[in-house]
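**Q** Pasting the sequence and the predicted model now:
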Amino acid sequence: MNEQYCFTPDDIALFLLLSEMPLRDGNEMLDDLFHAHNMELIPAYRQSFRLFREAVRVSSAMITLEDHDYAEAELIIHELNLSMPEWGEYDDFTSYFKFTRLSLLYSGVAYRKIKLRTLLKVFGYRRRSEQLMQKIHAAMDALQLQAFLKGHVPCDLAEIQIDQMVMIRLMND
């Protein structure tokens, strides 16, 4: 899997925060993600569950900090000779579909339902372009997501009408 589509501690921490998952369920999710979906994690965290879990905890703590607390946390982390989490370049498509994959895996929901027009609007677009559709397809393919129309009919987002409702599911689900 292209490393761009691998889950980072930041992705997972943000998912846990936004989904308001109870601590016990979050810990079970981390365990399952590490053991059952290890190759979907960035390589630095595939070898040690302890390192992976701690990185997610640090990311969670950093995400929830107020601006004025962030500088102090940065100083403490530096004094302890630890490293600050690296905030990579934000990619809307990848982040959206990573979040979708995590929610399909761990929220108990079988699909995410959205109009194609709304999906495009999420990314700041009004119309489809070939380049835009290639980015969306690349992210969905890498994250093993597939689009369906009503009745569980597979579809190509580049071919359907813009106002059609789309269900995004895990491949082979």
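**A** The structure has been received and is ready for your questions.
**Q** Now do the helices in the chain.
**A** For the chain, applying DSSP state H gives helices covering 9-19, 23-36, 49-63, 67-79, 92-106, 116-122, 130-142.
**Q** and the first one, how far from the chain's centre?
**A** Think helix 9-19. Relative to the centre of its chain, helix 9-19 is centred 8 Å away, using Cα atoms, centre = their mean, to the nearest Å.
**Q** repeat for the fifth one
**A** Its chain's C-alpha centre lies 4 Å from the corresponding centre of helix 92-106 when counted by Cα atoms, centre = their mean.
**Q** which residues touch it?
**A** 4-5, 7, 11-12, 14-15, 18-19, 21, 25, 29, 32-33, 37, 109-112, 122-124, 135-136, 139-140, 143-145, 168-170, 173 (Cβ atoms under 8 Å, 6 or more residues apart in numbering). C-beta here means a position set from N, CA and C on the backbone, and glycine is covered the same way.
**Q** Buried ones among those?
**A** 5, 7, 11-12, 14-15, 19, 21, 29, 33, 111-112, 136, 139-140, 143-145, 168-169 (16 or more other Cβ atoms under 10 Å).
**Q** returning to that earlier point: so which of the helices of the chain gets nearest G151?
**A** helix 116-122 (16.5 Å; Cβ to Cβ).
**Q** Which positions in the closest one come out as buried?
**A** 116-117, 119-120.
**Q** Check those residues against A158 and report the nearest one.
**A** L116 (9.8 Å).
**Q** Now do the contacts for that closest one.
**A** Contacts of L116 by Cβ under 8 Å, 6+ apart are 157, 160-164, 166.
**Q** Just the ones in strands from these, please.
**A** Among those, the residues falling in strands (DSSP state E) are V166.
**Q** Can you flag the buried ones in the contacts of L116?
**A** Buried residues within those, defined by neighbour count using 16+ other Cβ under 10 Å: 157, 166.
**Q** Quick check: the farthest pair among the contacts of L116?
**A** L157 and D163 (12.8 Å).
**Q** So which bits of stretch 39-52 are buried?
**A** Going by neighbour count (16+ other Cβ under 10 Å), the buried part of stretch 39-52 is 40-42, 45, 52.
**Q** Next, report how far that stretch is displaced from the centre of its chain.
**A** Centre to centre, stretch against its chain (Cα atoms, centre = their mean), the figure for stretch 39-52 is 16 Å.
**Q** what residues go with each domain of the chain?
**A** Domain assignment for the chain by automatic domain parsing gives 3-79, 109-170.
**Q** what's the span of the longest one from first residue to last?
**A** Think domain 3-79. With Cα to Cα, to the nearest Å as the measure, the first residue of domain 3-79 is 30 Å from its last.
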